[in-house]
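> Attaching a predicted model along with its sequence, questions to come.
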Amino acid sequence: MVSFVTPVVPLFVPGSRPERFDKADSSGADAVILDLEDAVAPGDKDRAREAVLANAATLKSAVVVRINAAGTPWHEADIDAVRRLDGVSVMLPKAEHPEDIADMARHMARSVSVIALVESAVGLANLPDILAMPNVVAVAFGSVDFSLDLGCAHDRLTLLAACNEIVWRSRAAGRAAPIDGVTTDLNSPEITEDDARHAMKMGFGGKMAIHPRQIEPIRNGFRPSDSDIAWARDIIGAASSGEVSLVKGEMVDRPVVERARQVLRRAALV
């Protein structure tokens, strides 16, 4: 399996807007998702594909190409294009069947990291089989389309069970921490940051952004607070003796120490 580190803030940019690629590349995002799917009108698909082919290799950021879903008229042409790009990952939307991922891998004829975008009840039901595919390095949650598929509200409580399952199944399969879905509100950085903090607490490793103004709020949401960092340092200090001890009334044993180490690692990465 290809090594993969979950980007904390991957940013979508339409493949049909190459004039925005450099701006996305310098935005501070951890990865740029060049989108050939929802952000591109049917009549612009070919032009977008050519723009991605011409420009992807010039970007300094990690590049993910969201291709069109299996069964669409553009799917095979997208795979042919990505096959010609070295070092990019592929995001497969509407990921529902492991056979689609296997077919894509055969068509690619080389190893490629696949981020499976789960956007439906069928995709969630088949998640164990999807995660078992060797090219799948992580799952992303297409929460807006998932809500549409179920006919449910796009809110935390309604999506809680799906989010939990995506997180724990990703962990059980030994894959990278999953990527949370987008916040559609572009006017409130506070909402974006709060959504990101909620995703971090649930165990997601990152959250997709649809506009550069969401990058810093998402990063803030995933960044441990000063009090969390101070707590973690106190715990690590208390654990240096190797014995179970108390820190401000909290018992410090191995799971607590490992949690403190996770906080410090995240603080160094975000």
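Everything's here; your move.
> Going by the annotation, which residue ranges form each domain of this protein?
10-222, 226-269 (automatic domain parsing).
> for these, which one sits closest to residue 3?
Judged by CB to CB, the one of the domains of the chain that comes nearest to residue 3 is domain 10-222, at 8.0 Å. For every residue, glycine as well, the C-beta is placed using N, CA and C.
> one step back: and the domains of the chain, which is most packed in?
Highest mean neighbour count among the domains of the chain (mean count of other CB atoms under 10 Å): domain 10-222, with a mean of 19.
> quick one: contacts for the spatially closest residue to residue 29 that is not a sequence neighbour?
Using CB to CB, 6 or more residues apart in numbering and skipping residues adjacent in sequence, the residue nearest residue 29 is residue 11, 3.7 Å away. Going by CB atoms under 8 Å, 6 or more residues apart in numbering, residue 11 touches 24, 27, 29, 31-33, 208-212, 214-215.
> I'd like the next helix or strand past the worst-scoring helix or strand of the chain on mean pLDDT.
Lowest by mean pLDDT, DSSP states H and E among the helices and strands of the chain is strand 245-247, with a mean of 73. Per DSSP states H and E, the first helix or strand lying C-terminal to strand 245-247 is strand 250-252.
> Which parts of the stretch 51-200 of the chain are strands?
62-66, 89-92, 114-118, 136-141, 179-180 (DSSP state E, counting those that start in this stretch).
> Which of the contacts of residue 11 fall in strands?
Among those, the members found in strands (DSSP state E) are 31-33.
> Pick the one among those residues closest to residue 54.
Minimum distance to residue 54 across those is 14.8 Å, recorded for residue 32 (CB to CB).
> Distance check, the closest one against residue 21.
7 Å (CB to CB, to the nearest Å).
> intersection of neighbour lists for these two?
13, 59.
> Helices along the stretch 51-200 of the chain, start to end?
Assignment of helices within the stretch 51-200 of the chain using DSSP state H, counting those that start in this stretch yields the ranges 75-83, 98-108, 121-125, 127-131, 143-150, 156-172, 189-202.
> And the first one, what does it pack against?
What it means is helix 75-83. Helices and strands touching helix 75-83, as assessed by 3 or more CB pairs under 8 Å, 6 or more residues apart in numbering; DSSP states H and E, comprise helix 45-55, strand 62-66, helix 98-108.
> can you tell which of those is closest to residue 221?
strand 62-66 (20.1 Å).
> elements contacting the closest one?
strand 31-35, helix 75-83, strand 89-92.
> Save the ones you listed as CSV, and put in distance to residue 188 too.
As requested, these are exported to CSV (distance: least, CB to CB, whole Å):
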stretch, distance to residue 188
strand 31-35, 22
helix 75-83, 34
strand 89-92, 26
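> between these, which gets nearest to residue 135?
In terms of CB to CB, the element of the helices and strands packed on strand 62-66 nearest to residue 135 is strand 89-92, at 8.5 Å.
> who's in contact with residue 175?
131, 136-139.
> Then residue 166?
Residue 166 neighbours (CB under 8 Å, 6+ apart): 118, 124, 127, 139, 141, 178.
> now swap in residue 3 and tell me
Per CB under 8 Å, 6+ apart, neighbours of residue 3: residue 137.
> on that earlier part again, wait, a strand at the residue nearest to residue 29?
Yes. Secondary structure of residue 11 (DSSP: H, G, I helix; E, B strand; the rest coil): part of a strand.
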